Structures are given as structure tokens and as C-alpha cells.
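*Asks:* Below are the sequence and a predicted model for it; my questions follow.
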Amino acid sequence: MDAGITSLLTLSTGEKITNPQHEKRERRRLAKAQRELARKAKGSNNREKARRKVARVHAWITDRRRDHCTRSLLDSSATTKWS
């Protein structure tokens, strides 16, 4: 199993699992949150709120990628195992 950029995963069988379609939208949300963070004054409460927002978006993307990966692996192993 290999995690990559052009495809989410490449299995040892050579099967490639594509990136989820929601990835672009989530990357735009992350970019916007990072731009908002960059404009805040260091040490301010608003910067701390913006920093937490960036962290939440990162966690959201990670969770969705992990979920997509797990579901894809379960689907592929189920079809391979029982076919």
C-alpha cells in the first residue's frame, strides 16, 4: 500500500484508488482559513480562533481521507476475497 498525490492509494496488487471528489472543495476551505489566519495580528484572540479553525479544517480533511481510504479498502478486499 502506498499513499500518493495523484491517487489516494496504490495497493500491492497495482490497483489504484482515486482521490475523493470532495478534496478540491476542502483544499479551498483550508486555503481560505490559512489566508484569514495570515491576516491576524500575532498574539490576538482572533488569531487564536483562526488558528483553531485551520486545525479543524486539517482534521476534517484527514478524517475524510482516512474514511474514504478505509471504505475503499474494505470494498476492494470484500470483492477480492469473495469473488
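*Replies:* Cool, the structure landed. Numbering: from 1, shown residues only.
*Asks:* So, low pLDDT: which residues of the protein?
*Replies:* Applying pLDDT under 70 to the chain flags the ranges 1-6, 8, 76-83.
*Asks:* what's the single longest helix in it?
*Replies:* When the chain is parsed with DSSP state H, its longest helix is helix 45-82.
*Asks:* and that one, what does it pack onto?
*Replies:* Under the contact criterion of 3 or more C-beta pairs under 8 Å, 6 or more residues apart in numbering; DSSP states H and E, helix 45-82 touches strand 9-10, strand 16-17, helix 23-39. The C-beta positions use only the backbone N, C-alpha and C, and glycine is treated the same way.
*Asks:* could you dump these to TSV with mean neighbour count and distance to residue 55?
*Replies:* Shown next, in TSV, are the helices and strands packed on helix 45-82 (neighbours: other C-beta atoms under 10 Å; distance: least, C-beta to C-beta, whole Å):
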stretch	mean neighbour count	distance to residue 55
strand 9-10	17	25
strand 16-17	16	27
helix 23-39	13	9
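*Asks:* Could you pull up the residues touching the residue positioned nearest the centre of the chain?
*Replies:* Nearest residue to the geometric centre of the chain (C-alpha atoms, centre = their mean): residue 61, 3.3 Å. Counting by C-beta atoms under 8 Å, 6 or more residues apart in numbering, residue 61 touches 23, 26, 27, 30.
*Asks:* can you tell me how far the second one sits from residue 10?
*Replies:* Distance of residue 26 to residue 10, computed by C-beta to C-beta, to the nearest Å: 22 Å.
*Asks:* Pull out the buried residues from stretch 58-66.
*Replies:* Of all the residues in stretch 58-66, those buried under the rule 16 or more other C-beta atoms under 10 Å are 61, 65.
*Asks:* quick one: that stretch to chain centroid distance?
*Replies:* With C-alpha atoms, centre = their mean, to the nearest Å as the basis, stretch 58-66 stands 4 Å off its chain's centre.
*Asks:* CA atoms of it as CSV?
*Replies:* Provided in CSV are the C-alpha atoms of stretch 58-66 (Å, rounded to 0.1, in the frame of the first residue of the first chain):
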residue,chain,number,x,y,z
HIS,A,58,-6.9,20.0,8.6
ALA,A,59,-8.6,17.4,10.9
TRP,A,60,-11.7,17.4,8.8
ILE,A,61,-9.6,16.6,5.6
THR,A,62,-7.6,14.0,7.4
ASP,A,63,-10.7,12.3,8.8
ARG,A,64,-12.5,12.3,5.4
ARG,A,65,-9.4,10.9,3.6
ARG,A,66,-9.0,8.2,6.2
